[in-house]
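Engineer: Sequence first, then the predicted structure, then my questions.
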Amino acid sequence: MVTDLYQNLLDRQKSMLEQMVTPLIILLVLLIWTLILVILDKQGILDKFNMSRIWIFALMWRTKRGRGLIDTIASPKRTWIWIANFGFILFFSGMFLMFVMLAISAYFTVTSSLVEPVGAKEVLVLPGINPYVPFIFGIIGLIVAVVAHEFSHGIVARAEGFKVKALGVLFILIPVGAFMEPDEEEVEKGPRRSRMRMFTAGPMMNFFLAFLFLGIFSWGFMGSLEASDDPLILTDIAETSPFFTAIDEPPKALYSVNGTPIHSYEDLYSIEGIDPGVWVLTEVKVNGGRALFPAISGILISSVGEDTPADKAGIMEGSILINIDGRLMTNSEMFHEFMDDTKPGQVMNITLLEPYRNSIGEIILNGTDPDMNKGDGTYQYLSPPNGYQNMRQVFYQVTLDDKYDWVPMRDYRGKGYIGVGSSYLGVLGMGTEVLKAQIAHPVSSADSFSEGFYNIIYITFRLPLDLKVMPFHDPLTDIYEVKGIMSVLPEGLFWFLANTFFYIFWLNILLGLFNALPMIPLDGGFVFRDAMVLLLGRIFKGRTEEELEKRAKTISKVASYTVLFFILTSIFFPWFRVWFLS
């Protein structure tokens, strides 16, 4: 027992040290980058290449190339000014959306201990390094987004009569943005609305390209797909699930459970007719084709939050829920409905089926029957780990917390909270038809406005982070067949173009939204300041232009620091909690 406790203490200390490495790497890389810039700046090397250092750690590169092309494109001036006026709607909508999302992110980061720290790879948006930005598709998407953004600034600037001194790119380790450098004196003296149109042009073009490429991706590429057999695509498999631990490569799709077809997650979520804790035969897709895999039915505890009621009671990941207060929990729907009716302080008697574990709580994996893996030419037959072949019932008594204390949402106040993550068989997924409808027809397939809005949010902010799906790869490329006019394309080219168009859409929308934030030196910061002058002029009539600008600058500074606070809080507060509050 003492040895186990000592080992657990060492594991906890090791985990904390590993967590500290991430922010330290970020700071160290930025420090080295800044040091290099300072040395190059002092030696005059940056000036030789038309570069300069700003904000201490950022690098600007300027060029006069491209100005002639911009003048030619900007020749129909009235058309561009009309487009820029229409762009105000998109711009301020994007500004409001991003500000609200950042505020919500910061709020939940501070108030909920369930928010996990963000790793260095996720913070640094480097194609090929950041797990959510594939190298090839990320490079193509960034080039399209940055070039379109900057050229649009220049086009509208020339349409408004402003001189363009130079174009350039902004670097913080990597290209993080582009800029157009107008004649500052002309811009400062020019009409305020003309200046606002110039700054909104970049994000506006990013939004336009995002909608264009999303339309082609959704209706053109995804609309040409048809699924064969319509299985459940597995988007997440718990590490303690037998599916994950028994097979070298976890399954990618689920076809049936005990002969019951599984076409959507709802089919699995509300599955009926199977008692928890009994052996079932599942049909899954693995690299070698289809496989039959025996598993224990029921809701698998995939995660246990630290210091939650479940953690304090001794419940561990990998256990299977049998009953609560004598009531069988046959599916996830029943469990969630049961928990919705609980109250804080309520004591629950829980029966779990637990796999056999070693002395430090790890599920015993060895001992699978090698003869089960030979197959018969049609299916492979896979055997679960030893720990799941020999399970035992264990009883726990859990006193629930208030869910609002853990997830501060108004609807959760007064509801019981146990602190476990769970899913039937330890898997999550999406039906092939559901996925196709959600991506190919996000609005028309929705039953309500809110569902259509959710589909757009899913495509924009959730789908790119689902590495089981994006960029498109097996099993999707194997399950879906290309039909219609797109079928003339070679299969490999079809999927390459589909992924390329998606990441052009995604990086354009991200660049546009980020630059729309009301924070100087972003485009949104300058537009927000000028908009405040115009708004204050309507409210405080009779005030001088100088007085209005002074007040607008103060409001703009507050907005800039607020946005910066939201961003830094979302990134670093979870690390602060790990270091000092855990």
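Structural biologist: Structure's in. What do you need?
Engineer: Helices of the stretch 51-200 of the chain, start to end?
Structural biologist: Assigned helices in the stretch 51-200 of the chain, in chain order: 67-73, 77-111, 120-123, 135-159, 184-189, 192-215 (criterion: DSSP state H, counting those that start in this stretch).
Engineer: Switch those helices over to a markdown table; also include distance to Thr34.
Structural biologist: C-beta here means a position set from N, CA and C on the backbone, and glycine is covered the same way. Output for the helices of the stretch 51-200 of the chain, formatted as a markdown table (distance: least, C-beta to C-beta, whole Å):
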| stretch | distance to Thr34 |
| --- | --- |
| helix 67-73 | 31 |
| helix 77-111 | 25 |
| helix 120-123 | 16 |
| helix 135-159 | 23 |
| helix 184-189 | 26 |
| helix 192-215 | 26 |
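Engineer: Of these, which is nearest Thr342?
Structural biologist: Closest approach to Thr342 among the helices of the stretch 51-200 of the chain is made by helix 77-111 (21.6 Å; C-beta to C-beta).
Engineer: just checking, what packs against that closest one?
Structural biologist: helix 135-159, helix 192-215, helix 491-515, helix 523-539, helix 545-576 (3 or more C-beta pairs under 8 Å, 6 or more residues apart in numbering; DSSP states H and E).
Engineer: Of those helices, which is nearest Glu337?
Structural biologist: helix 545-576 (31.3 Å).
Engineer: quick one on the thing from earlier: out of the helices of the stretch 51-200 of the chain, flag the one nearest Ser270.
Structural biologist: It is, among the helices of the stretch 51-200 of the chain and with distance given as C-beta to C-beta, helix 77-111, at 28.6 Å.
Engineer: which of the residues in that closest one are buried?
Structural biologist: Within helix 77-111, the residues scored as buried using 16 or more other C-beta atoms under 10 Å are 80-81, 83-84, 87-88, 90-92, 94-95, 98-99, 102-103, 105-106, 109-110.
Engineer: again with stretch 162-174
Structural biologist: Buried-residue list, stretch 162-174, by 16+ other C-beta under 10 Å: Phe162, Val164, Ala166, Leu167, Gly168, Val169, Leu170, Phe171, Ile172.
Engineer: Excluding chain neighbours, what is closest to the last one?
Structural biologist: For Ile172, the nearest residue in space outside its immediate sequence neighbours is Ala58; the separation is 5.2 Å by C-beta to C-beta, 6 or more residues apart in numbering.
Engineer: mind listing what Phe207 touches?
Structural biologist: By C-beta atoms under 8 Å, 6 or more residues apart in numbering, the contact set of Phe207 is Gly87, Leu90, Phe91, Gly94, Asn508, Ile509, Gly512.
Engineer: residue contacts, the fourth one?
Structural biologist: To tie it back to what came earlier, the one meant is Gly94. Pro203, Phe207, Gly512, Leu513, Ala516.
Engineer: and the closest residue to the third one other than its chain neighbours, how many neighbours?
Structural biologist: In this case it means Gly512. Nearest residue to Gly512, sequence neighbours excluded (C-beta to C-beta, 6+ apart): Asn206, at 3.2 Å. Other residues lying near Asn206 total 28 when counted by other C-beta atoms under 10 Å.
Engineer: Quick check: can you list the domain ranges of this protein?
Structural biologist: 34-219+505-581, 239-425 (automatic domain parsing).
Engineer: Let me see the mean pLDDT of the shortest one.
Structural biologist: This points to domain 239-425. Domain 239-425 shows a mean pLDDT of 77.
Engineer: picking up where we left off before, what's the closest of the contacts of Phe207 to Arg413?
Structural biologist: Once C-beta to C-beta is applied, the member of those that ends up nearest Arg413 is Gly94, at 32.3 Å.
Engineer: how close does the closest one get to Gly512?
Structural biologist: 6 Å (C-beta to C-beta, to the nearest Å).
Engineer: who are the neighbours in contact with Thr63?
Structural biologist: Thr63 neighbours (C-beta under 8 Å, 6+ apart): Asn50, Ala166, Leu167, Gly168.
Engineer: nope, Lys553 is what I meant
Structural biologist: Contacts of Lys553 (C-beta under 8 Å, 6+ apart): Arg529.
Engineer: Please apply the same query to Gly431.
Structural biologist: Counted by C-beta under 8 Å, 6+ apart, Gly431 has contacts Asp230, Leu232, Ile233, His263, Ser264, Tyr265, Asp267.
Engineer: Let me have those residues in CSV, extended by neighbour count, secondary structure and distance to Asn455.
Structural biologist: Below are the contacts of Gly431 laid out as CSV (neighbours: other C-beta atoms under 10 Å; DSSP: H, G, I helix; E, B strand; the rest coil; distance: C-beta to C-beta, whole Å):
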residue, neighbour count, secondary structure, distance to Asn455
Asp230, 19, coil, 20
Leu232, 27, strand, 19
Ile233, 24, strand, 17
His263, 19, coil, 19
Ser264, 18, coil, 15
Tyr265, 22, helix, 15
Asp267, 18, helix, 20
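Engineer: Which one of these is nearest to Tyr255?
Structural biologist: Nearest member of those to Tyr255, counting by C-beta to C-beta, is Leu232, at 7.8 Å.
Engineer: Strands along the stretch 301-450 of the chain, start to end?
Structural biologist: 320-324, 327-328, 347-355, 380-381, 391-399, 401-402, 416-417, 420-424, 427-431 (DSSP state E, counting those that start in this stretch).
Engineer: excluding its backbone neighbours, what's nearest the residue nearest in space to the middle of the chain?
Structural biologist: In the chain, the residue lying closest to the centroid (C-alpha atoms, centre = their mean) is Leu465, at 4.1 Å. Nearest residue to Leu465 in three dimensions, chain neighbours excluded: Tyr132, at 5.5 Å (C-beta to C-beta, 6+ apart).
Engineer: could the buried residues of stretch 162-174 go into JSON lines alongside distance to Gly66?
Structural biologist: Shown next, in JSON lines, are these (distance: C-beta to C-beta, whole Å):
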{"residue": "Phe162", "distance to Gly66": "15"}
{"residue": "Val164", "distance to Gly66": "9"}
{"residue": "Ala166", "distance to Gly66": "9"}
{"residue": "Leu167", "distance to Gly66": "5"}
{"residue": "Gly168", "distance to Gly66": "10"}
{"residue": "Val169", "distance to Gly66": "12"}
{"residue": "Leu170", "distance to Gly66": "16"}
{"residue": "Phe171", "distance to Gly66": "18"}
{"residue": "Ile172", "distance to Gly66": "23"}
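Engineer: of all the residues you listed, which comes closest to Gly537?
Structural biologist: The closest of these, once distances to Gly537 are taken by C-beta to C-beta, is Phe162, at 22.5 Å.
Engineer: what's that closest one sitting at in phi/psi?
Structural biologist: phi -80, psi 140 (degrees, to the nearest 10).
Engineer: Next up, the contacts around it.
Structural biologist: Pro182, Asp183, Glu186, Val187, Gly190, Ser194, Met198.
Engineer: Roughly how far does the residue nearest to Leu142 when sequence neighbours are not counted sit from Ser444?
Structural biologist: Ranked by C-beta to C-beta, 6+ apart and with sequence neighbours excluded, the top spatial neighbour of Leu142 is Leu507, at 5.6 Å. From Leu507 across to Ser444, the span is 26 Å (C-beta to C-beta).
Engineer: For these two, indicate the residue with more neighbours.
Structural biologist: For Leu507 and Ser444, the more surrounded residue by other C-beta under 10 Å is Leu507, and the numbers stand at 28 against 10.
Engineer: For that one, give its distance to Leu522.
Structural biologist: 16 Å.
Engineer: Which residues does the strand or helix carrying Leu268 contact?
Structural biologist: In this structure, Leu268 is located in helix 265-269 according to DSSP states H and E. Helix 265-269 has contacts (C-beta under 8 Å, 6+ apart) with 232, 254, 257, 260-262, 331-333, 424-425, 427-431, 434.
Engineer: chain center to it, what's the gap?
Structural biologist: Relative to its chain's centre, helix 265-269 lies at 23 Å (C-alpha atoms, centre = their mean, to the nearest Å).
Engineer: Can you name the next helix or strand after that helix?
Structural biologist: Heading C-terminal from helix 265-269 (DSSP H and E), you reach strand 279-286.
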